[in-house]
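What would the 3D arrangement of this be:
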Amino acid sequence: MLSVFLVLANTKYNVTQIHQNRSMATIVTDRNLILDNAHTELSENVRWSWACRILDQGSRYRLDTTALAKPRVGDLVLVKIQQIGYHDSIVTIDNKKIRIYENDLLVCILGNRYATDAFEGEVDDVQNLSMLTAGGMVGTLRSRHRDIKAPTSVSFVGFLNDENGQRINLKRLKLDNVSHSQPRQVKNLLAIVGTAMNSGKTTTARKIIKRLSEMGLKVSACKITGSVSNRDSDEMRSASAKLITDFSDYGFPSTYLCSKEELMTLFNTMLTDMSEKDHDIIVMEIADGILQRETAMLLADQSVKQAIKGIILTADNAPSALYATDYLKKLGYNIIAVSGAITSSPLSVREFMDHSEIYIASSADSGRELANVIAEEFYNLNLVKEI
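Model (predicted):
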């Protein structure tokens with residue numbers, strides 16, 4: 001194992017040790033590392049991806065280049081950009097979008113991705129890696145949407161270990177410290193569920209958060225499943241959510257292919273943490289569609305059914321909305337309204353209304369009508385004060 005140390009950037013340290021930009025780190029070494037059969041002096045800057053933001057600042061990490069152990073979901077790796085493809089930029093540890101170039105060195109996280117409109121990827125080995133998200137997740141490509149360019153390819157340089165030689169795995173770092181005591185109950189959870197990717201979940205969520213906040217309600221927001229990205233958290237924060245969290249705050253690069261136990265531990269821990277704050281409504285976005293593996297597991301769980309007081313379903317067309325509302329009703333959920341991309345089309349809205357009595361409210365406009373419907377429902381359930 002090569003004696004190389006990475007120092008997570010922190011402006012409190014001397015600039016001779018590290019780069020002052022928090023999105024960078026300097027590799028400190030007195031020897032060379034072979035990269036693609038060329039000796040490269042490790043004095044260049046390394047970019048730390050957004051997935052690394054939960055690491056302690058100022059910590060030092062040893063680089064293990066042997067790659068003998070099997071890679072695991074959540075492992076941090078140093079990779080080198082080989083060929084630019086779909087992703088030509090990354091989001092750094094301080095939430096800045098920067099362009100990337102061939103031969104750049106990045107600290108990323110190994111993870112699985114499920115995105116019907118983009119990539120499917122899994123953690124397999126470290127010999128065939130691609131960028132799966134701009135937030136810093138890498139893995140082995142399994143499939144991609146035909147309209148999406150080939151992914152940006154990267155080569156493995158090494159695993160990040162701590163100073164004691166233990167491999168850094170963000171998932172284990174967080175989950176192993178979770179208390180398994182009885183989770184606290186929340187009484188005001190609103191779930192945003194979609195028929196599929198890009199059905200309008202995040203747009204609907206941010207408009208709900210904004211309009212409910214304007215009504216004087218204290219709104220917190222979270223995303224329970226998905227692949228590591230800053231977008232959803234940024235949208236929720238911009239919409240004035242009081243508290244924002246998502247699965248990646250708990251070390252998950254994504255929730256795809258996680259076990260039922262891990263998924264429920266995440267769900268219970270997230271809600272327990274959120275219950276410590278004062279809010280009137282918690283808006284929870286569940287990624288992808290109702291038939292996706294982890295979404296289906298969550299929705300079928302009895303404790304999840306008890307926690308969710310109402311659902312806003314997003315859809316992009318009438319048939320999918322009709323199927324999904326029937327699916328959710330059979331599970332016993334309270335569907336407050338249908339919204340999302342379907343509401344951009346008056347004809348699609350009419351098709352749905354001709355076959356369903358469930359309220360449909362637009363997220364294509366200001367979202368006030370939708371927020372009013374939610375506020376009224378939660379008031380009738382004695383979950384919020386009269387507005």
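
And the residue positioned nearest the centre of the chain, how far from residue 195?
Closest residue to the average C-alpha location of the chain: residue 228 at 3.6 Å, with CA atoms, centre = their mean. With distances taken as CB to CB, to the nearest Å, residue 228 is found 23 Å from residue 195. The C-beta positions use only the backbone N, C-alpha and C, and glycine is treated the same way.

before we move on, what about residue 97?
For residue 97, the distance to residue 195 equals 29 Å [CB to CB].

Tell me which of those two has more neighbours.
Neighbours per residue, other CB atoms under 10 Å: of residue 97 and residue 195, the larger number sits with residue 195, 29 against 11.

measure the more buried one to residue 117 for me?
From residue 195 over to residue 117 the distance is 13 Å, taken as CB to CB.

now do residue 263
For residue 263, the distance to residue 117 equals 23 Å [CB to CB].

The two: who's more crowded?
Higher neighbour count among residue 263 and residue 117: residue 263, with 22 against 11, using other CB under 10 Å.

Low-confidence bits of this structure, can you list those?
Applying pLDDT under 70 to the chain flags the ranges 1-44, 67, 179-183, 386-387.

that older thread, verify the stated contact: the residue nearest to the centre of the chain with residue 134.
No: assessed by CB atoms under 8 Å, residue 228 is found out of contact with residue 134, at 9.2 Å.

Find residues that contact each of these two.
The contact sets of residue 228 and residue 134 overlap at residue 50 (CB atoms under 8 Å, 6 or more residues apart in numbering).

Can you show me the helices along the stretch 251-387 of the chain?
Using DSSP state H, counting those that start in this stretch, the helices of the stretch 251-387 of the chain run over 260-275, 293-300, 302-307, 318-331, 346-353, 368-380.

which residues touch the longest one?
The set of residues external to helix 260-275 that reach it, using CB under 8 Å, 6+ apart, is 175, 178-180, 183-186, 189, 220, 222, 224-225, 243, 245, 247, 250, 252, 255, 258, 282, 294, 297-298, 301, 303-304, 307.

Tell me the spacing between residue 144 and residue 119.
5 Å.

Comparing the two, which shows the higher neighbour count?
Between residue 144 and residue 119, counted using other CB under 10 Å, residue 119 has the larger neighbour count: 25 against 19.

residues contacting that one?
Contacts of residue 119 (CB under 8 Å, 6+ apart): 86, 113, 130, 132, 141, 143, 144, 145, 148, 151.

now with 10 Å?
By CB atoms under 10 Å, 6 or more residues apart in numbering, the contact set of residue 119 is 86-87, 113, 130-133, 137, 139, 141-145, 148, 150-151, 227.

can you check residue 290 too?
Neighbours of residue 290 in contact, by CB under 10 Å, 6+ apart: 193-196, 296, 298-299, 313, 315, 320, 323-325, 327-328, 331.

and if we set it to 8 Å?
193, 194, 195, 296, 299, 324, 327, 328.

Same question for residue 372.
residue 211.

That one and residue 165, how far apart?
From residue 372 to residue 165 the distance is 58 Å (CB to CB).

And residue 226, by the same measure?
Computed as CB to CB, the residue 226 to residue 165 distance reads 32 Å.

Also residue 366?
Residue 366 is 55 Å from residue 165, by CB to CB.

So for these two, which residue has more residues nearby?
Each of residue 366 and residue 165 has its neighbours counted (other CB under 10 Å); residue 366 has more, 13 against 9.

The more buried one against residue 214, yeah?
No: using CB under 8 Å, residue 366 is not in contact with residue 214, being 9.9 Å away.

hang on, the earlier thing: separate out the buried members of the contacts of residue 119.
If you count burial by 16 or more other CB atoms under 10 Å, the buried members of the contacts of residue 119 come out as 86-87, 113, 130-133, 137, 139, 141, 144, 151, 227.

Any chance of a markdown table for those, columns distance to residue 102 and secondary structure?
Output for the buried ones among the contacts of residue 119, formatted as a markdown table (distance: CB to CB, whole Å; DSSP: H, G, I helix; E, B strand; the rest coil):
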| residue | distance to residue 102 | secondary structure |
| --- | --- | --- |
| 86 | 15 | coil |
| 87 | 13 | coil |
| 113 | 22 | strand |
| 130 | 14 | strand |
| 131 | 12 | strand |
| 132 | 18 | coil |
| 133 | 19 | coil |
| 137 | 20 | strand |
| 139 | 20 | strand |
| 141 | 18 | strand |
| 144 | 21 | strand |
| 151 | 14 | coil |
| 227 | 24 | strand |
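
just checking, what packs against the host helix or strand of residue 61?
Taking DSSP states H and E as the criterion, residue 61 maps to strand 60-64. In terms of contacts (3 or more CB pairs under 8 Å, 6 or more residues apart in numbering; DSSP states H and E), strand 60-64 is packed against strand 5-7, strand 153-161.

Now render those as a markdown table, adding mean neighbour count.
Formatted as a markdown table, the helices and strands packed on strand 60-64 follow (neighbours: other CB atoms under 10 Å):
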| stretch | mean neighbour count |
| --- | --- |
| strand 5-7 | 21 |
| strand 153-161 | 21 |
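
Can you lay out these as TSV showing distance to residue 233?
Output for the helices and strands packed on strand 60-64, formatted as TSV (distance: least, CB to CB, whole Å):
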stretch	distance to residue 233
strand 5-7	25
strand 153-161	24
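
what's the closest of these to residue 77?
Set against residue 77 and scored by CB to CB, those come closest in strand 153-161, at 5.7 Å.

Using PDB, write out every CA atom in the closest one.
Output in PDB follows, covering the C-alpha atoms of strand 153-161 (Å, rounded to 0.1, in the frame of the first residue of the first chain):
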ATOM      1  CA  SER A 153     -15.300   6.800 -18.000                       C
ATOM      2  CA  VAL A 154     -12.900   6.800 -15.100                       C
ATOM      3  CA  SER A 155     -10.100   4.600 -14.000                       C
ATOM      4  CA  PHE A 156      -9.500   3.400 -10.400                       C
ATOM      5  CA  VAL A 157      -6.500   4.800  -8.600                       C
ATOM      6  CA  GLY A 158      -7.100   3.600  -5.100                       C
ATOM      7  CA  PHE A 159      -9.400   3.200  -2.100                       C
ATOM      8  CA  LEU A 160      -9.400   5.800   0.700                       C
ATOM      9  CA  ASN A 161      -8.400   4.400   4.100                       C
END
